[in-house]
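Visitor: I need the structure of the sequence given here:
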Amino acid sequence: MSRLIGIDLGTTNSCVAVMDGGSSVVIPSETGARTTPSVVAFMKDGTRLVGEAARRQAVLNPARTVYSIKREMGSNTRIKIDGKSYSPPEISAMILSKLKTDAENYLGEPVTDAVITVPAYFTDSQRQATRDAGTIAGLNVVRIVNEPTAAALAYGVDKEQSQKVMVYDLGGGTFDVSVLDIQGGVIEVLATAGNNRLGGDDFDKAVADYLAEEFKRTYRLDPRKDQTAFSRLREAAEQAKIELSSVSETHVSIPFLMQKRGTPCHLDLTLTREKFDELTRPLIEATLGPVRQAMDDAKVTPAALSKVLLVGGSTRIPAVQEAVKAVTGKEPFKGINPDECVAIGASLQAGVLAGAVHGLLLLDVTPLTLGIETMGGVFSPIISRNTTIPVKKTAVYTTAANFQTSVEIKVFQGERQMTRGNKLLGNFRLNGITRAPRGVPQIEVTFEIDASGIVHVTARDQATGRAQDITITASGNLSQAEIDRAVADARAYAGEDRLRRRQAAARDAAEAVLYKAEAADRKSMSREEKKRLDEAEKRLRKALRGKDAGEMEQAAEEMKAVLQR
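Guide: Purely as a prediction, here's the structure:
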């Protein structure tokens, strides 16, 4: 078995860590950074960039750059570039492949197994999509762990005293809050709540919209109607948000943002923290409802909380910290790195599964109620939210019409009493039921949730023993055939990527040799030596005009031999 890594697949940034020598170590990217931007870019020449390189070119290439794809996991969204359509799991797989490669370069060995984190409030379809992304990237996802729980693992692995801890996780695209009980190596999640469409991206957009309105008021031009201009505006808004976490005001200057009748128009204004707080107050208040809900579900008062841990880059915003303090009565704990702690927690769970970490037990919960639809569109719950997983529960139902020989099982997830207010996860049909008057057949429906939060449903007719079961795959997820095709595409691209890297390396080496040849003292050479050098230089320049790495390498070696002689 290869080394088991832990991955925080984030909306804005991702991070990978591994257990090494008994402690968790964050694996740096090829540039030395400890986190990798969750950005993918498609270049016109067919090259694909992931991470920092993709983020750097986003402003000039907005239509071909994909970011915040995590928000679309489990949906029907498709990203269309150059006539090809990509699903959210496929884009996420490109990010995971980059992290996998970084881990392999760091460890010096192949990596095939991983623990990946997801927001605690991710639905089953979103968890399935995350697992699909791992499969496409060539990873065996041995466990999916909730992000707040992973953060608590990073904080509580060495804590002996009993304590109740709240984890407030406000990331780039999602928000979660969990209440946990930590006792002697056992970390039990008591309750979780959140919002999968709320995060730092929304703070950036609120500021960007304000900047756009100010620009429009001055020039009668709306940057939001120009993709490149608004991309620059979003980047400036994000930078302003970051700066206002440590200063009371910041200067926003974007020269040549747009043109009006050939005249350049510049954005130049000062943004205060007070104005930023005003713009983002509704977003912060939207996080407080789930905080109160989690405490109510866990039957915990603010006084019973030992600590409130802040996770996610957006928790650096002073107004967020003040709001958390106001609702919990606790000064938020900042002793863990909000950007790295989730990956560290994932690597600790990986260590437990690999047998490298002992005395640590994680008891997580399912975030939403699961059940089926009964007559009249009524939602019949089978597993309630905040039930500890893994779990298996069975309920018995009957037919709604006389002499039914089949029933359709529709599986829903949510908290509404009618199914139209909940999310349909999937459906299947149980055939071969004994013909009988309504109310006579006994149909057992069993829900099973594994340790990763993935749902499996079975329906069985007690009279005939006939059964039908599915692992839930919502409409937005990939079929097995699509996953297999995406895996093949990823492998093919990996081969192309290796070829491009070889081409780049061969070109760099050839150009270095060519530079030495140009700097050589030809006056001291004999006529024969000059001729050999000129011929070698001609071959090398011809090879450089092409794309054959082998030709470049061979021509460079020949030139080296001539220079050495």
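Visitor: where does this protein dip in pLDDT?
Guide: Applying pLDDT under 70 to the chain flags the ranges 1-2, 157-160, 470-498, 500-501.
Visitor: could you export the longest strand seen in it as PDB, CA atoms only?
Guide: Criterion DSSP state E: the longest strand present in the chain is strand 249-260. Output in PDB follows, covering the C-alpha atoms of strand 249-260 (Å, rounded to 0.1, in the frame of the first residue of the first chain):
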ATOM      1  CA  GLU A 249      -8.600  51.600   4.800                       C
ATOM      2  CA  THR A 250      -7.000  50.600   1.500                       C
ATOM      3  CA  HIS A 251      -6.500  52.300  -1.900                       C
ATOM      4  CA  VAL A 252      -8.000  50.600  -4.900                       C
ATOM      5  CA  SER A 253      -6.400  51.700  -8.200                       C
ATOM      6  CA  ILE A 254      -7.000  50.000 -11.500                       C
ATOM      7  CA  PRO A 255      -5.500  52.000 -14.400                       C
ATOM      8  CA  PHE A 256      -7.000  51.600 -17.900                       C
ATOM      9  CA  LEU A 257     -10.000  49.500 -16.700                       C
ATOM     10  CA  MET A 258     -12.100  50.500 -19.700                       C
ATOM     11  CA  GLN A 259     -12.200  53.000 -22.600                       C
ATOM     12  CA  LYS A 260     -14.800  55.500 -23.500                       C
END
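Visitor: which residues does residue 260 bridge with?
Guide: residue 263 (DSSP bridges).
Visitor: dump the residue contacts of it.
Guide: 219, 220, 221 (C-beta atoms under 8 Å, 6 or more residues apart in numbering). For the C-beta atoms, the positions are set from N, CA and C on the backbone; glycine is no exception.
Visitor: what's the distance between it and residue 62?
Guide: Separation of residue 260 from residue 62 (C-beta to C-beta, to the nearest Å) stands at 21 Å.
Visitor: sorry, back to before: any buried residues in the longest strand of the chain, and which?
Guide: For strand 249-260, the neighbour count (16 or more other C-beta atoms under 10 Å) marks 250, 252, 254, 257, 258 as buried.
Visitor: got a markdown table for these, with distance to residue 336 too?
Guide: As requested, the buried residues of strand 249-260 are arranged in a markdown table below (distance: C-beta to C-beta, whole Å):
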| residue | distance to residue 336 |
| --- | --- |
| 250 | 27 |
| 252 | 31 |
| 254 | 35 |
| 257 | 39 |
| 258 | 43 |
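Visitor: please name the nearest non-neighbouring residue to residue 66.
Guide: Excluding the flanking residues, the one nearest residue 66 by C-beta to C-beta, 6 or more residues apart in numbering is residue 40, at 4.7 Å.
Visitor: distance between the helix or strand hosting residue 446 and the chain's centre?
Guide: According to DSSP states H and E, residue 446 maps onto strand 443-449. Centre-to-centre, strand 443-449 and its host chain are 30 Å apart (C-alpha atoms, centre = their mean, to the nearest Å).
Visitor: and that strand, what does it pack onto?
Guide: Where contact means 3 or more C-beta pairs under 8 Å, 6 or more residues apart in numbering; DSSP states H and E, strand 443-449 is packed against strand 370-374, strand 378-383, strand 391-397, strand 455-461.
Visitor: list the strands paired with the first one, with their directions.
Guide: Sheet pairing for strand 370-374, assigned by DSSP bridges, gives strand 378-383 (antiparallel), strand 406-413 (antiparallel).
Visitor: right, so those strands: which one is the most enclosed?
Guide: Mean neighbours per residue, mean count of other C-beta atoms under 10 Å, is largest over the strands paired with strand 370-374 for strand 406-413, with a mean of 20.
Visitor: now the angle from the next helix or strand after it to strand 406-413?
Guide: Sequence order places strand 423-431 as the next helix or strand after strand 406-413, per DSSP H and E. Taking axes from the mean of the first three to the mean of the last three C-alpha atoms, to 10 degrees, one finds that strand 423-431 is oriented at 160 degrees with respect to strand 406-413.
Visitor: which residues touch strand 423-431?
Guide: By C-beta under 8 Å, 6+ apart, strand 423-431 touches 123-125, 370, 405-414, 443, 455, 457, 459-461, 466-470, 472-475.
Visitor: any idea which element residue 452 lies in?
Guide: Applying DSSP H and E, one finds residue 452 in no helix or strand.
Visitor: how much space between it and residue 408?
Guide: 27 Å.
Visitor: how near is residue 219 to residue 258?
Guide: Counting by C-beta to C-beta, the gap from residue 219 to residue 258 is 7 Å.
Visitor: which neighbours do these two share?
Guide: Common neighbours of residue 219 and residue 258, counting by C-beta under 8 Å, 6+ apart, are residue 265.
Visitor: what about the helices in this structure?
Guide: With helices called from DSSP state H, the chain shows them at 52-56, 88-107, 124-136, 147-156, 200-219, 227-243, 273-298, 318-328, 341-354, 480-519, 527-545, 549-564.
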